[in-house]
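1. Provided below are the primary sequence and the corresponding predicted coordinates.
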Amino acid sequence: MTIGDYEIIPMSDHNTHDIVGHEETDAEVGPLVRFAIFLTVVTLVAAALTVGFYKYLDGRERSEKAPRYPLTAGVERPRPPTPRLQTFPFDDIKGLRREEAKLLDHYTWVDKNAGTVRIPVDRAIELLAEQGLPHRAAPPAETPAH
């Protein structure tokens, strides 16, 4: 049976091995190469425009913020009031932990004249375990008057 230029073959007449195959024509390389070149050019133009726009804005900001008085160019700007933001917070916390470790892990004098000493936390725990926690004697229970 034929329809127009096509011949219709019933599925029962087909061998399944005859159906499997590949396309007889390949994609044309020319349009693909032209599209890749176009895409590259558009990307480079967009990057160049972005860089140019950034330089324009940067130059405009520098000219607006230029010192009005040339003699003040060597004067250092005053620092903002405290509290200031930390520039290296992880270094700050490491320094704080080192200072805390000095207080918590070493013997130091608190008041030499009074004989007050700071002892390491581990040693303080051992002493409390040996001696027990300090406590006050309970006040005597009052008996209610009749």
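-> Cool, the structure landed.
2. residues in contact with residue 103?
-> Counting by C-beta atoms under 8 Å, 6 or more residues apart in numbering, residue 103 makes contact with residue 118. Using the backbone N, CA and C atoms, a C-beta is placed for each residue, glycine as well.
3. Distance from the chain centre to the helix or strand hosting it, please.
-> For residue 103, the element it lies in under DSSP states H and E is helix 89-105. Per C-alpha atoms, centre = their mean, to the nearest Å, the displacement of helix 89-105 from the mean C-alpha position of its chain is 23 Å.
4. for the record, mean pLDDT for that helix?
-> If you average the pLDDT over helix 89-105, you get 90.
5. On the C-terminal side of it, identify the next helix or strand.
-> Next in sequence after helix 89-105, counting helices and strands by DSSP H and E, comes strand 108-111.
6. That following strand packs against which elements?
-> Counting contacts by 3 or more C-beta pairs under 8 Å, 6 or more residues apart in numbering; DSSP states H and E, strand 108-111 packs against strand 116-118.
7. relative to helix 89-105, how tilted is the regular element (helix or strand) spanning residue 128?
-> Using DSSP H and E, the element containing residue 128 is helix 121-131. Angle between the axes of helix 121-131 and helix 89-105 is 30 degrees (criterion: axes from the mean of the first three to the mean of the last three C-alpha atoms, to 10 degrees).
8. What residues sit buried inside helix 121-131?
-> For helix 121-131, burial by neighbour count (16 or more other C-beta atoms under 10 Å) applies to no residue.
9. Give me the residues contacting that helix.
-> The contact list for helix 121-131, computed with C-beta under 8 Å, 6+ apart, reads 104-105, 119.
10. any chance you could map the strands in this structure?
-> Under the criterion DSSP state E, the chain carries strands at the ranges 2-3, 6-7, 108-111, 116-118.
11. now the first one: mean pLDDT?
-> Meaning strand 2-3. On average, strand 2-3 scores 66.
12. now do the third one
-> Here strand 108-111 scores 88 as its mean pLDDT.
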